[in-house]
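[1] Got a sequence here, can you build the structure:
(chains A and B)
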Amino acid sequence: MRQRSSTGRKTFVLFNYFILTVIAAACLLPLINVLAISFSSSSAVNSGLVKLWPVSFTLKSYEFVLNKPEFVSAFIVSLKRVIVGVPLNMLLTILIAYPLSKEKSEFRWRNQYAWLFVITMLFSGGLIPWYMAIKMTGIIDSFWALILPGAVPVFNVILMLNFFKSLPKEIEEAALMDGAGVWQSLWKIVVPLSAPSVATLTLFCIVTQWNSWFEGLILLNNPDGYPLQSYLQTVLVNRDMSLMTSADALTLRSVSDRTSKAAQAFVAMLPVLLVYPFLQRYFTQGIVLGSVKG
Amino acid sequence: MKVMNRKKWLAIGLTGAMAFSLVACSGNEKTEQSSASASSQPTSTESSESVAADPMGKYDPPIEITAVRPITEGTKFKEGESIDNNNWSKAYQESLGIKIKYNWTIATAQYDQKLNIAIASDDLPDVMEVNAAQLKRLVEDDQLEDLSSLYDQYAAPFTKEVLSQDGGNALKSGTFDGKQFALPKMGSGLGQTHVLWIRTDWLKKLQLSEPKTIDDVLKIAEAFTKQDPDGNKKDDTRGLGINKDIWGFYAAMEGFFNGFHAYPNVWVKDESGKLAYGSIQPQMKNALQKLQELYKAGQIDKEFGTKDASKVNEEANAGKLGMFYGYFWNSGWLQDGKLTNPEMEWTPYPLPSIDDQPAKAQVPFAINTYYVVKKGAKHPEASIKMLNLVLENIYGATANPEAYNVDKDGIAIFEYALLYGEAPRKNLDAHLNVMDALTAKDDSKLTAEEKGYYSNIMAYQGGDNQFWGSDKMYGEKGSLSVIEGYFKNQSLMNDEFFGAPTQTMIDNNATLQKLQLETFTRIIMGDSIDKFDEYVKKWKQLGGDEITKELNEWALAQK
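    Here you go, the predicted structure:
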């Protein structure tokens, strides 16, 4: 089907592309700036000469970053976190969403259970009770402190639940008629049919696991076990200059480490940037499927 | 009927949940209180008996102290070392028999947050560092050990000397109702006074003289803006640098205001001897008026409101800026500019004044960190002993700075020490000693740190621009010589308030600071100067009067 091309339509398309280009540029330019800084020499950066293209090109900061043991170990912790955390997130999401997607006639306490989860989204205990609760479980200062407190992403559960609900009931009924058990029907029928939403939620989980930094800072007792983003937070955050002592000033005198900061920020972005294109396929598919089936 | 029932159950359940959470909360409070009172009973009496009060005495058998601490970003360790195993942890163990166990460590920027959680969840170590507000809160909650008599017994003479080198205000600020609860982390207020940095190569090129008065400053700013000092035939240079916060350590305006005998953000004595807030005094108005004129004439960056210190620094290094007020170590930030363009030359000058009265540089209160001991800690005197050891090993008569301060590879070993402090005059003395050594051509009398500056300056004089920044600080015409001048002529204005923030300050300071920044930024950008009077009125209404009253009561109590 070809579009009719009236003048009005043409201006609209033109205008559309223009706006989208501006928005895309606004998203891309800071990234490119960071990239350019990371490839430039530090004296050029501190003189404010670097815009979108590296000035006096050098790989020094990448060499520095990749030889920095803290950075490498934090990177590994983050990878571990994604490898352990995301499957656990998804497993729990599916196991919770599936029964909750059933009608009340099939699962009598469905609503009560659903509320139990939703309440945790609406109300939180606050930072101190949260901290104390985790402390009492004894997982503080261990790798599991990064995984277990956030193991059930309730928001994802609700998204999953709604997707399960939208699947035609008849398919599952047919499977049950043919003798499949509940487990079989979940793993062989429901989950494969929900591939787009599973992929989308997996992406959400990966991004959340990769990006969260706060738990690391609060729940771990020393920087050795920090995941990458907690580590970056300590490196990149702007310091409160009003609290600076002259001893700190000593370290600041040799401040010009912006290039290595940029390199670290960029390396930290890479994994998520790399994962995106692979999962994006499912992203669009998920939307299309939804719209066709209604 | 059934529906009705459900709803009832839900209601009962929810009420139950609420009641439970209430109980849980109050239960918590109770345990907190009881644990506090329980731990307060066995106090210091026994420990002071067991060991004779020897400031450097060794514990035998060794003891273990728990602690938490921030670690400055970028702290480096030598191979195989860590915060638990380094020169300082060894020194504590070998000289004092103290083993430190860190409950947790964290980067400086997040320390306050994590410590607040620890305070709230009653999870304190024996020794920790706190800020003034946290100190006050802990004292009010009766969570800290009273160190008064222990300090008298255990502090070494040198420690007492360093801690009272600022006239005793530092110690007083950690004292509540006559009881000393904290050891201040000493720092240098003098190191936070402003000097005027000027591109002297431009000054020479345009045949201008060095600034003596504010009028000279204004003339220079105009010339640097209009007469194309970099000779590229473009209108791309600016006279005076200013950062978006207006105040601070680089391209900040305190020094400019001081030239008008105005003292923003500090407390000064008015004619009647009472404490008054510097930012609301009438002298401020004149300074703001002049800044407005500079802005109008394009001598201040039109977009200064969006540029922080490091952005302004980029412009200075790129050769777009000719003058700014800042701290003595700012030449370190200009080092990159000097390397890119060896012609570039910055020289620090003392603050010019508006009239024939010399300008007084304002000196902020330098202590913002305190070391405290948890109430009921088994060895409360251990922290004092550790501080003795630190000051002695870094600055004392038997000091070994190479092992304990900064080693020959430039690794900052002092960062590993749990308690730390810097003699307020350290940098100034270093400058004077280095100058003596340079005249005598003999560095044998210098400490290791000073030897470093000495060799840097020698290298710079030998033509190595890499050490230009050091020369501009510690060298003959360096910024420290300017500050030494302030000190000699007593052209200094101390912040008269050095206590913990009062309740009204804690509640309102953020609002008042914001009000001030907004008003001043607007005035500089062209708003009517009468807005200043409005600001003064608002400041008083929004808690300023209350704070003034509280601080005057505090001042009376200090006498």
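
[2] Confidence-wise, which helix or strand of chain B is lowest on average?
    helix B:45-50 (a mean of 42; mean pLDDT, DSSP states H and E).

[3] ok, then the element right after that helix?
    strand B:63-71 (DSSP states H and E).

[4] what does that following strand contact?
    A:223, B:83, B:97-108, B:110-111, B:114-115, B:118, B:125-129, B:377-379, B:382-383, B:415, B:418 (C-beta atoms under 8 Å, 6 or more residues apart in numbering or on different chains). Any C-beta I mention is one placed from the backbone N, CA and C, and that applies to glycine too.

[5] And the helix or strand that comes right after that strand, what's buried?
    Using DSSP H and E, the helix or strand that follows strand B:63-71 in sequence is helix B:87-91. For helix B:87-91, the neighbour count (16 or more other C-beta atoms under 10 Å in any protein chain shown) marks B:87-89, B:91 as buried.

[6] Nearest to A:Thr93 among those?
    Distance ranking of those against A:Thr93, using C-beta to C-beta, places B:Ser89 first at 45.8 Å.

[7] and the closest residue to the closest one other than its chain neighbours, helix, strand or coil?
    Nearest in space to B:Ser89, with sequence neighbours left out and distances taken as C-beta to C-beta, 6 or more residues apart in numbering or on different chains, is B:Ile100 at 6.4 Å. What DSSP: H, G, I helix; E, B strand; the rest coil gives for B:Ile100 is strand.

[8] Around B:Ile100, count how many other residues there are.
    By other C-beta atoms under 10 Å in any protein chain shown, the residues close to B:Ile100 number 21.

[9] So what pairs up with it in the strands?
    B:Ile65 (DSSP bridges).

[10] same deal with the one 4 residues further on?
    Partner residues in beta bridges with B:Trp104, using DSSP bridges, are B:Val68.

[11] so it makes contact with B:Leu115?
    No. Contact between B:Trp104 and B:Leu115 fails when scored by C-beta atoms under 8 Å: they sit 9.6 Å apart.

[12] Pull up the residues of the stretch 1-150 of chain B that are close to chain A.
    With the criterion set to C-beta under 8 Å from any C-beta of the partner chain, the stretch 1-150 of chain B comes near chain A through B:71-74, B:83, B:102-110, B:113-114, B:117, B:120-121, B:123, B:131.

[13] Skipping its backbone neighbours, what lies nearest the residue nearest to the spatial centre of chain A in space?
    What sits nearest the mean C-alpha location of chain A, by C-alpha atoms, centre = their mean, is A:Val207, with 1.5 Å. Using C-beta to C-beta, 6+ apart and skipping the chain neighbours, the partner closest in space to A:Val207 is A:Val272 (6.0 Å).

[14] Can you give me every residue that contacts that neighbour?
    A:Val272 is in contact with A:206-207, A:210-211, counting by C-beta under 8 Å, 6+ apart.

[15] Tell me which two in those are the farthest apart.
    The span of the contacts of A:Val272, defined through C-beta to C-beta, is set by A:Ile206 and A:Asn211 at 9.2 Å.

[16] Show me which of the two is the more surrounded one.
    Taking neighbours as other C-beta under 10 Å, A:Ile206 and A:Asn211 compare with A:Ile206 leading, 19 against 14.

[17] Local confidence estimate at that one?
    With respect to pLDDT, A:Ile206 has a value of 90.

[18] neighbours around residue 78, how many?
    Assuming you mean chain A. Counted with other C-beta under 10 Å, residues neighbouring A:Ser78 total 27.

[19] you looked at the wrong chain, it should be chain B
    Other residues lying near B:Lys78 total 12 when counted by other C-beta under 10 Å.
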